[in-house]
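from the sequence below, what's the structure:
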Amino acid sequence: MKKFLPGYNFVRSVTFISILLLFFGVSVYDSPVYAKMKAMDEDSLSQIEGQEGIVEGLNLTVSTVITGYRFGNDLNSALAQSINIGTLTIGNGAGGGYGINSNVTIDIGTNTTDYTTWLNVSGPVLPSNDSGICVSANDISVTVNSTTWTLGNVDITGLYVGRSLTSITPNYIAGDIPWFSLSGSPSGGGGVVFYAGMGLYINNVKFAYTTDSMNISGIYVYAASPNIASGTPASWPVLSGNAKIGGIFNTYDVNGNITGTYNAGPATFDVGSNSGNSTGTEVSYNLPMALSIRVKDFQMDSTHDFGPMALDNLIIYRNRITFRNL
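Here you go, the predicted model:
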């Protein structure tokens, strides 16, 4: 079978989109997670019950520097396929760390309907200081069969998770604190199922390649909200709430009227061996989500500016992707 090597522009585009999808793969579920577990209504976790969890107070300053990172397979052979990062730095953007000063609650409970065990984690809110979290990945490249394509650098500045922000326009008012609920797959094997809830704001994402750069500024990821005002960002209303992964989502008719609800269930992630005609490892996931995304300005390069963008009330009832023969 012939192997086709991706062109430079194609590799650059696909890799950057993949990074954004992985980054924004945070979302949420309807109900908040409490320090003391109890029945959650209006979702498929309504029967989960448990005892008081562990509450851990965090007061930290975090700074991370990683050099020479590679992710892929056959890294030491001539057939190496990998994504490479020269230096990855996470901090406050000024050589220091970002602060964490909030509680993390950890609970373990049992669903009294199917007797599955769930791990629930809520918090923390990030960061505790106003400068935001900054992430810088320099010298990103892709290697395929000993050939390497240089992609450029990615800089994320002013990242806030679960925090209300009144210093920006429009304001962002956070929903419940970030939370995550995880259980083993009911089908057995090594899979997991999970729900999550989170809202975030990013001041700027910059992708700098060889000759120019792409800038996305004023990124809001928040609750699925229909009928939000359009126009320039200065005229947008206050944006609020959490995006969600998994749970019960509204359904609509062609005119945008709510007609009922749909239980999308949890997100799923499974890894296993293919027992059919093909061989190798198979990775499958389903990521139902409900969220809204707004961007104050999207600049493709130094000469092409698309202005503001809005995806309001984006609901994905089913999003199943399977990778075979890995």
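
count the residues that sit near residue 227.
Burial of residue 227 is recorded as 7 neighbouring residues (other CB atoms under 10 Å). Every C-beta, even on glycine, is put in place using the N, C-alpha and C of the backbone.

quick check: it touching residue 255?
No - using CB atoms under 8 Å, residue 227 makes no contact with residue 255, being 11.7 Å away.

which positions in the helix or strand hosting residue 56 come out as buried?
Using DSSP states H and E, residue 56 maps to strand 54-62. For strand 54-62, a neighbour-count test (16 or more other CB atoms under 10 Å) marks residue 62 as buried.

elements contacting it?
Strand 54-62 is packed against strand 98-111, with contacts defined by 3 or more CB pairs under 8 Å, 6 or more residues apart in numbering; DSSP states H and E.

I'd like to know the average pLDDT value across the strand it packs on.
Taken as a whole, strand 98-111 has an average pLDDT of 89.

roughly how far is the strand holding residue 56 from the heart of the chain?
22 Å (CA atoms, centre = their mean, to the nearest Å).

next one: stretch 222-233
20 Å.

gap between residue 108 and residue 251?
33 Å (CB to CB, to the nearest Å).

over to residue 281?
36 Å.

likewise residue 237?
Residue 237 is 25 Å from residue 251, by CB to CB.

also residue 324?
Distance from residue 324 to residue 251, by CB to CB: 32 Å.

likewise residue 161?
The spacing between residue 161 and residue 251, counted by CB to CB, is 29 Å.

and the helix or strand just after the strand holding residue 56, how far out from the chain's middle?
As assigned by DSSP H and E, the chain's next helix or strand after strand 54-62 is strand 64-73. Averaging C-alpha positions (CA atoms, centre = their mean) puts strand 64-73 20 Å from its chain's average.

now do strand 64-73: everything it contacts.
80-91, 143 (CB atoms under 8 Å, 6 or more residues apart in numbering).

are any of these buried, and if so which?
Going by neighbour count (16+ other CB under 10 Å), the contacts of strand 64-73 have 80, 82, 83, 84, 85, 88, 89, 90, 91, 143 buried.

name the nearest residue to the second one, sequence neighbours excluded.
With sequence-adjacent residues excluded and distances taken as CB to CB, 6 or more residues apart in numbering, residue 82 is closest to residue 72, at 2.8 Å.

tell me how far the one you found lies from residue 205.
Residue 72 is 24 Å from residue 205, by CB to CB.

and these two? Which one has more around it.
Per other CB under 10 Å, whichever of residue 72 and residue 205 has more neighbours is residue 205, with 23 against 13.

with adjacent residues omitted, what lies nearest to the more buried one?
residue 216 (4.5 Å).

my read: that neighbour touches residue 204, true?
Yes - assessed by CB under 8 Å, residue 216 is found in contact with residue 204 at 7.1 Å.

SS state for residue 88?
strand (DSSP: H, G, I helix; E, B strand; the rest coil).

what do you get for residue 234?
Residue 234 ends up helix, using three-state DSSP.

for the closest residue to it other than its chain neighbours, give me phi and psi.
Sequence neighbours aside, residue 169 is the residue nearest to residue 234 in space, at 6.3 Å (criterion: CB to CB, 6+ apart). Main-chain torsions, residue 169, degrees, to the nearest 10: phi -120, psi 120.
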